[in-house]
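*Asks:* Sequence isn't available, so here's the structure alone:
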């Protein structure tokens, strides 16, 4: 008889043999998974899931193996197995020695799964959804993934709890906004899940808003002659307000032209004053705004016997002048 080791080998301390009588099977699974990947010692949630036990049983298993000298370290988080030789006996800490510092509890992002190549191959073989996800994800991103990138995809399913559909929506969105690094996409996914945005419906709504703002920002930058610098928080809020108020680019262009006519330069805050006034009046589309301006002009002409201040000003000039006074007054306070 011989052992078929294949491509991977687990090495256990010989003292494990003397500890296996009547122990819970979960205890042995915990030790085997730890031995297969030492970093699981810092990922208690993932270790418990792989071993098929809850946190209470995981802590009991770790305590059992520590008490029997198979594991070393303190705290609930697992420490790495001691690869003992056949004759090695557990080392007893002297009273004068300081106890080891407890393991620092890691943030959730640091506990994302870290599967071996064999585990990933088995997952893709056993779970059709994972295989389909990887194939479609590679098509969306236009590349063949390496093991680390496949690991990230599976982590989004098994750790973040996202569905295959949600992951694919995320990848398609990131491809559209030219965010193609799987590591940065992973961080983006974590932020979304932490914000409670993980269902396909919630993600579609979020991505629509993000992409609309991105497209809108590009057009505004071109119109106002803005360079490639990042927007300030105030400027970004202004653009978000314009979108949430329901203005399209044509409505903004009308505010831009009035701004330049009034103060001789492009100004996002000044244009914002104009658009805020229109919003408060319930005017959002270019046709609605133009109809209001035309109505104001007709009214002024009627009040002045068919002319507006001797035809020296039109309605836009009067509107711009009034806004300029109002804007300047606010700026002074």
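*Replies:* It's in. For clarity, every value in this text was computed on a predicted model and none was experimentally measured.
*Asks:* Quick one: residues contacting residue 32.
*Replies:* Residue 32 is in contact with residue 10, counting by Cβ atoms under 8 Å, 6 or more residues apart in numbering. Placement of C-beta: from N, CA and C, glycine included.
*Asks:* Are we agreed that it is in a helix?
*Replies:* Yes: counting by DSSP: H, G, I helix; E, B strand; the rest coil, residue 32 is part of a helix.
*Asks:* pLDDT score assigned to residue 32?
*Replies:* Model confidence at residue 32, given as pLDDT, is 86.
*Asks:* same question, residue 321
*Replies:* Looking at residue 321, the pLDDT reads 53.
*Asks:* for residue 190, same thing?
*Replies:* 90.
*Asks:* now stretch 114-131, how far from the centre of its chain.
*Replies:* Stretch 114-131 has its C-alpha centroid displaced from the chain centroid by 24 Å (Cα atoms, centre = their mean, to the nearest Å).
*Asks:* Any idea how far apart the tips of it sit?
*Replies:* Its first and final residues considered, stretch 114-131 spans 18 Å by Cα to Cα, to the nearest Å.
*Asks:* Residues touching it, excluding its own?
*Replies:* If you take Cβ under 8 Å, 6+ apart as the criterion, stretch 114-131 is touched by 7-8, 36-37, 39-40, 43, 46, 134, 147, 150-151, 153-154, 157, 164.
*Asks:* how does it look with 7 Å?
*Replies:* With contacts defined as Cβ atoms under 7 Å, 6 or more residues apart in numbering, stretch 114-131 is touched by 8, 36, 37, 39, 134, 147, 150, 151, 154, 164.
*Asks:* Which members of those occur in strands, if any?
*Replies:* Judged by DSSP state E, strands contain none of the contacts of stretch 114-131.
*Asks:* Can you tell me which of the residues you listed is closest to residue 72?
*Replies:* Among these, residue 39 lies closest to residue 72 (Cβ to Cβ), at 16.2 Å.
*Asks:* follow-up on the earlier one: show me how to select, in PyMOL, the buried members of the contacts of stretch 114-131.
*Replies:* Buried residues among the contacts of stretch 114-131 (16 or more other Cβ atoms under 10 Å), as a PyMOL selection:
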select buried, resi 37+134+150+151+154+164
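*Asks:* Turn the contacts of stretch 114-131 into TSV, columns for distance to residue 20 and pLDDT.
*Replies:* Output for the contacts of stretch 114-131, formatted as TSV (distance: Cβ to Cβ, whole Å; pLDDT from 0 to 100):
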residue	distance to residue 20	pLDDT
8	22	60
36	18	75
37	21	71
39	25	67
134	38	93
147	33	88
150	35	91
151	32	90
154	31	90
164	39	93
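*Asks:* How about the contacts made by the residue nearest to residue 242 when sequence neighbours are not counted?
*Replies:* Distances taken as Cβ to Cβ, 6 or more residues apart in numbering place residue 275 nearest to residue 242, at 5.9 Å, with adjacent residues excluded. Applying Cβ under 7 Å, 6+ apart to residue 275 gives the contacts 242, 245, 247, 252, 255.
*Asks:* and the helix or strand containing residue 275, how far from the chain's centre?
*Replies:* Using DSSP states H and E, residue 275 sits within helix 268-280. Relative to its parent chain, helix 268-280 has a centroid offset of 32 Å by Cα atoms, centre = their mean.
*Asks:* Kindly report the same for stretch 118-136.
*Replies:* Relative to its chain's centre, stretch 118-136 lies at 24 Å (Cα atoms, centre = their mean).
*Asks:* Name the residues of it that come out as buried.
*Replies:* By neighbour count on 16+ other Cβ under 10 Å, the buried set for stretch 118-136 is 119, 120, 123, 124, 130, 133, 134.
*Asks:* How about stretch 221-237?
*Replies:* Under the neighbour-count criterion of 16+ other Cβ under 10 Å, stretch 221-237 has 224, 235 buried.
*Asks:* looking at this, residue 266 is in a helix?
*Replies:* No: looking at residue 266 with three-state DSSP, it is coil, so not inside a helix.
*Asks:* That one contacts residue 224, doesn't it?
*Replies:* Yes: with contacts counted by Cβ atoms under 7 Å, residue 266 reaches residue 224, the gap being 4.4 Å.
*Asks:* Mind listing the shared neighbours of the two?
*Replies:* Joint contacts of residue 266 and residue 224 (Cβ under 7 Å, 6+ apart) are residue 256.
*Asks:* middle-most residue in this structure, spatially?
*Replies:* When Cα atoms, centre = their mean is applied to the chain, the residue found nearest the centroid is residue 188 (2.1 Å).
*Asks:* so residue 139 is in which element?
*Replies:* helix 128-141.
*Asks:* Pull the distance from that helix to the chain's centre.
*Replies:* Using Cα atoms, centre = their mean, the offset of helix 128-141 from its chain centre is 20 Å.
*Asks:* before we move on, what about stretch 278-291?
*Replies:* Distance of stretch 278-291 from its chain centroid, counting by Cα atoms, centre = their mean, is 36 Å.
*Asks:* Next, the buried residues of it.
*Replies:* Neighbour counts over stretch 278-291 (16+ other Cβ under 10 Å) mark 278, 279, 283, 284, 286, 289 as buried.
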